[in-house]
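Trainee: prediction below, plus the sequence it came from.
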Amino acid sequence: MIASKSKILIFSALIAFFMISCDQSYTPLPRGYFRIELPKHSYKLSDTLFPYYFEYPEYAQLQSSTQNPDQKYWVNIVYPQFKATVFLSYKEVDNNLVKYLEDAYTLVSKHIPKAENITDSIIVDRSRNVYGLTYKIEGSGAASPYQFFVTDSASHFVRGALYFNIVPNNDSLEPVINFIRTDLEHLVNTIQWNN
């Protein structure tokens, strides 16, 4: 009986010795995200029967606005693979441009509580008669990471906003946001007015 107690004691001491002598500690790895496959940028022309037209990505779908079916010139650019939608609204300018500009600013400023930074860039293209602003909204909780408006200052006003159909976590979505931002900059650089 004493021999078995001493064997248990020796065995326990050996296990304790090995555990103390191992200088390894567990370090959790940072949370990772799935690799996102991004297609090559390629574009096609939208319907030219609208008061405006532009080039949009071939890997996206151009759909009529389901939220505002009475607005026949409002469209959505849907990226099903990224669960993202760019909402485009069109308004005819008739001595109400200041109101549209104020509305665009108000819609961007609603993101201030969640945004870490909002960077705006001026759009001036006299050859196409296109003027406006783009807003890059940074912050992990910002619902819309990119918005813009363009106008000819006399007849047409188009506003666009990018939204994701998921809980905002713009840190993990950054590659997709940058990818779609490139598409939207291309849209802004190719928009034309039908007069």
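Mentor: Received it, and whenever you're ready, just let me know what you need. Numbering: from 1, shown residues only.
Trainee: then Phe157 would be within a strand, right?
Mentor: Yes. Assessed by DSSP: H, G, I helix; E, B strand; the rest coil, Phe157 belongs to a strand.
Trainee: what distance do you get for it to Ala16?
Mentor: Phe157 is 76 Å from Ala16, where distance means CB to CB, to the nearest Å. Just so you know, the C-beta spots here come from the backbone N, C-alpha and C atoms, and that holds for glycine as well.
Trainee: what of Glu185?
Mentor: From Glu185 across to Ala16, the span is 64 Å (CB to CB).
Trainee: so these two - more neighbours on which side?
Mentor: Neighbour count, other CB atoms under 10 Å: between Glu185 and Ala16, Glu185 has more, with 15 against 10.
Trainee: give me the pLDDT value at that one.
Mentor: Glu185 is assigned 96 on the pLDDT scale.
Trainee: can you check Lys114 too?
Mentor: The model's pLDDT for Lys114 equals 83.
Trainee: same deal with Asp171?
Mentor: For Asp171, the pLDDT comes out at 67.
Trainee: which element is Ile137 on?
Mentor: Here Ile137 sits within strand 130-138, counting by DSSP states H and E.
Trainee: right, and the helix or strand after that strand?
Mentor: That would be, after strand 130-138 and using DSSP H and E, strand 146-151.
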